[in-house]
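>>> Quick one: sequence plus predicted model below, questions after.
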Amino acid sequence: MTRASFNRRAVLQAGAALSAAAALARPAIAQSAGRVVVIGGGFAGATCARELKRGGFDVTLVEPSAIYTACPFSNGVLAGLRPLSRQQFTYDALKTDGLAVVAQRATKIDGQQKRVSLSDGTILGYDRLVLAPGIDLRFDALPGYSEDVAQIMPHAWKAGEQTSLLRSQIEAMPDGGTVIISVPANPYRCPPGPYERASLIAYYLRTQKPRAKLIVLDAKDTFSKQGLFQAAWKALYPNLEWVSMSSGGKVIEVDVGQRVLVTEFGRHKADVANVIPPQRAGEIAALAGATDRSGWCPIDPVTFESRQQAGIHIIGDACIAGGMPKSAFAANAQAKVCAAAIASLLGGQAPQTPKLINTCYSLVAPDYGITVAGVYRPVNGVLTDVEGAGGVSPADSSPSFRSLEASHADAWFRTITDEVFG
Ligand SMILES: Cc1cc2nc3c(=O)[nH]c(=O)nc-3n(C[C@H](O)[C@H](O)[C@H](O)COP(=O)(O)OP(=O)(O)OC[C@H]3O[C@@H](n4cnc5c(N)ncnc54)[C@H](O)[C@@H]3O)c2cc1C
């Protein structure tokens, strides 16, 4: 697929197709009265629960946290560009809409009996179950790293306390210090996220600690929007160094006592170490028997139903969605398709074949945005890029174009969080 520039017409056509699929499924929703339990109140789960509730279903959303802290734009918090509070949302609007939100953790799933156990001992029955637990960090995958070590070398890959911790470390670091970001191999949550993070931390260092250095140690040789990021770094951030896997960037161990990241090629001493470890689907997906050996959940791309557990659907970061990246935009799109499919299935109708869109905005600087977009449809059981649709921001854009993309990014965040939580 050519990603030289956007094909906005194809993206819009796909958007129309998705809306049409959702609209066609609505009558089926209204006629049905199935019980649906949704586990996880993030971009995927909260969207799906709201869609189904609006369609007249008996929906229960299970989410242990009273406040959801969004990851998109949390890199701006690290750079001191926005407070963490702008990332935080309650479930009050969902409750006002009549949605049952249960503040518990799901601890066990019995797919045969169609029952979910919660941490307070409650058991919920369902006709269809939606799992949207996001990611868990694989603390066992990197020697020397653990949940305890994350208090010294934060991952900040689930936004919240970890974001504040990393921010305070960067702020406290003396000018002339070194920040190191360790990036895992694919797949992981938000493919361009580490590079946006590097850019915004580099922006902070350039403006507040100009003698400081930033090194990105990468377990890959290529990454999302690479040409655009690297061109921007060359122009804006001479103190930012990216080390590819072939050049010795893959971190194989951490030495927390020495504050050192160890690669096959040597040892890197950090003043601040941001270790993003490998990841897998949130634990409840494995407990449901919905993960495969990769640690992620294979799904049918038309319904998002598990390939391993009938009656259980998996959406968002936890699922294997073919060419779709693990993003909030993708999670939101998958949630709508899944809700429409569940409505059809409970109404005794065949689900519509969907087309889905994803767009990922990244900020390289506060007024410098770049974008990647894609359109996906099921082909031979796998969500596959629609040829000729989507693309990345043009390479040689004017400062005003970059600034416009940055403001689009901000508008996107306000729009999606308003839709999901507002
Ligand atoms: C630094 C960073 C920047 C990012 N930037 C962007 C961006 O610009 N654009 C974009 O589109 N995406 C971005 N993302 C990715 C985005 O955050 C994720 O793709 C998105 O959050 C996935 O949504 P989700 O609903 O699948 O999972 P989550 O948002 O993680 O939600 C999962 C929810 O499930 C709950 N849960 C887990 N287990 C249980 C259980 N057993 N019982 C009940 N509840 C449970 C959790 O408490 C959580 O609230 C970024 C990510 C990072 C880390």
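Looks like it came in fine. Numbering: from 1, shown residues only.

>>> Name the nearest residue to residue 204, ignoring sequence neighbours.
Sequence neighbours aside, residue 79 is the residue nearest to residue 204 in space, at 4.2 Å (criterion: C-beta to C-beta, 6 or more residues apart in numbering). Every residue, glycine included, has its C-beta placed from N, CA and C.

>>> ok, that neighbour - contacts?
200-201, 203-204 (C-beta atoms under 8 Å, 6 or more residues apart in numbering).

>>> Would you mind identifying the next helix or strand past the lengthiest strand in the chain?
Identified as the longest strand of the chain according to DSSP state E is strand 368-379. Using DSSP states H and E, the next helix or strand after strand 368-379 towards the C-terminus is strand 382-385.

>>> As PDB, could you dump the C-alpha coordinates of that next one?
Extracted as PDB, the C-alpha positions of strand 382-385 are listed here (Å, rounded to 0.1, in the frame of the first residue of the first chain):
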ATOM      1  CA  VAL A 382      -7.800 -11.100   8.800                       C
ATOM      2  CA  LEU A 383      -8.200  -7.300   9.100                       C
ATOM      3  CA  THR A 384      -6.200  -6.100   6.100                       C
ATOM      4  CA  ASP A 385      -5.200  -2.600   4.800                       C
END
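
>>> how near is the closest residue to residue 70 other than its chain neighbours to the ligand?
Nearest non-adjacent residue to residue 70, counting by C-beta to C-beta, 6+ apart: residue 87, 4.8 Å away. Residue 87 sits 10 Å away from the ligand, going by C-beta to the nearest ligand atom, to the nearest Å.

>>> can you list the residues of this protein near the ligand?
39-45, 62-65, 68, 71-72, 74-75, 105-106, 132-134, 157, 189-190, 193, 197, 282, 284, 316-317, 326-329, 331, 360-361 (C-beta under 6 Å from any ligand atom).

>>> Mark which of those are buried, thanks.
Those of the residues of the chain next to the ligand that meet the buried threshold are 39-45, 62-63, 68, 71-72, 74-75, 105-106, 132-134, 157, 189-190, 193, 197, 282, 284, 316-317, 326-329, 331, 360-361, by 16 or more other C-beta atoms under 10 Å.

>>> Can you name every helix or strand that the longest strand of the chain contacts?
Using 3 or more C-beta pairs under 8 Å, 6 or more residues apart in numbering; DSSP states H and E, the elements in contact with strand 368-379 are helix 8-31, helix 226-236, strand 356-365, strand 382-385, strand 391-392, helix 399-421.

>>> Partner strands of whatever helix or strand comes next after the longest one and their direction?
The first helix or strand that comes after helix 8-31 along the chain, using DSSP H and E, is strand 35-39. Paired with strand 35-39 in the same sheet, following DSSP bridges, are strand 58-62 (parallel), strand 128-131 (parallel).

>>> Now residue 188: closest residue in space, sequence neighbours ignored.
In space, residue 188 is closest to residue 279, 5.0 Å off (C-beta to C-beta, 6+ apart).

>>> relative to helix 399-421, how tilted is the one helix or strand residue 48 maps to?
Taking DSSP H and E as the definition, residue 48 sits inside helix 43-54. Interaxial angle of helix 43-54 relative to helix 399-421 (axes from the mean of the first three to the mean of the last three C-alpha atoms, to 10 degrees): 50 degrees.

>>> Can you give me the buried ones in helix 43-54?
In terms of neighbour count (16+ other C-beta under 10 Å), helix 43-54 has its buried residues at 43-54.

>>> And stretch 292-308, by the same measure?
Result for stretch 292-308 [16+ other C-beta under 10 Å]: buried residues 295-299, 301-306, 308.

>>> quick one: which of these sit in strands?
297-298.

>>> just to revisit the earlier point, the residue nearest to residue 70 contacts residue 78, correct?
No: Residue 87 is beyond contact range of residue 78, at 11.3 Å (criterion: C-beta atoms under 8 Å).

>>> Mind listing the shared neighbours of these two?
By C-beta under 8 Å, 6+ apart, the residues touching both residue 87 and residue 78 are residue 163.

>>> Closest residue of the stretch 101-250 of the chain to the ligand?
Closest residue of the stretch 101-250 of the chain to the ligand, C-beta to the nearest ligand atom: residue 134 (2.4 Å).

>>> phi, psi of that residue?
Here the main-chain torsion angles of residue 134 (degrees, to the nearest 10) amount to phi 70, psi -140.

>>> Please settle this for me: is residue 168 part of a helix?
Yes: assessed by DSSP: H, G, I helix; E, B strand; the rest coil, residue 168 belongs to a helix.
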